[in-house]
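Enquirer: Here is a sequence with its predicted model. Questions after.
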Amino acid sequence: MAHIGFESCKADPDVWMRKATKDDGTRYYEYVLLYVDDLLVVSENSEGVIRKEIGKYFELKESSIEMPDVYLGGTVSMVESNNGQKAYTFSSSQYVKSAVTNVETYLNETGRKFPCRVNTPIRSNYRPEVDLSEELNDSDASYYQSLIWILRWMVELGRIDITCEVSMMS
């Protein structure tokens, strides 16, 4: 990405940015978000950046070059503020709903269910140092680990503090 003028963000190396100028002379930053084989470009000329610059070096799936409605599990949409300013929003709510549905399905398939009328999943008198619970089998341990990663991703998707230290603008 550096060879086409983008600089990696210090806060997140998957976020690339470069200075750009709109047709009306307004200066702004173009952003490219890369994650494995997913690409999201935020620019006045997104399609040009994708096809003419990135597409020169990487094979692109033509059918998937469009305004996304989902990116990495998060819902993407464009909104317009009261003053007419347009902005993109990113929401984790659909990912969270899907994750909960998947857990409910898994519990049904394995003959388990959530306990009813519980304020907390851990008893108030719980003492981990004396816990003699049976260890999880390999399958349940793997599922538990996947749930931890799903929860971590929910937190990551829900973060609104994605900021990059900008050293390019003077």
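Expert: Sure, I can see it. Numbers count the residues shown, from 1 in each chain.
Enquirer: The residue lying closest to Tyr106 once chain neighbours are set aside: neighbouring residues, count only.
Expert: Distances taken as C-beta to C-beta, 6 or more residues apart in numbering place Tyr143 nearest to Tyr106, at 7.1 Å, with adjacent residues excluded. Heads up, the C-betas are built off the backbone N, CA and C, glycines and all. Using other C-beta atoms under 10 Å, Tyr143 has 14 neighbouring residues.
Enquirer: Would it be right to say that Tyr143 lies in a helix?
Expert: Yes - according to DSSP: H, G, I helix; E, B strand; the rest coil, the state of Tyr143 is that of a helix.
Enquirer: For it, give me the pLDDT.
Expert: pLDDT recorded at Tyr143 is 93.
Enquirer: Pull out the buried residues from the top strand by length along the chain.
Expert: Determined from DSSP state E, the single longest strand within the chain is strand 27-35. Residues of strand 27-35 classed as buried under the neighbour-count rule (16 or more other C-beta atoms under 10 Å) are Tyr29, Glu30, Tyr31, Val32, Leu33, Leu34.
Enquirer: Against which helices or strands is that strand packed?
Expert: strand 15-21, strand 38-42 (3 or more C-beta pairs under 8 Å, 6 or more residues apart in numbering; DSSP states H and E).
Enquirer: got any ranges where this protein has weak pLDDT?
Expert: 62-64, 159-170 (pLDDT under 70).
Enquirer: again, only using 50
Expert: For the chain, residues meeting the criterion pLDDT under 50 lie at 161-170.
Enquirer: List the residues that contact the residue of the chain most remote from its centre.
Expert: For the chain, the residue at maximal distance from the C-alpha centroid (C-alpha atoms, centre = their mean) is Val130, at 38.4 Å. Going by C-beta atoms under 8 Å, 6 or more residues apart in numbering, Val130 touches no other residue.
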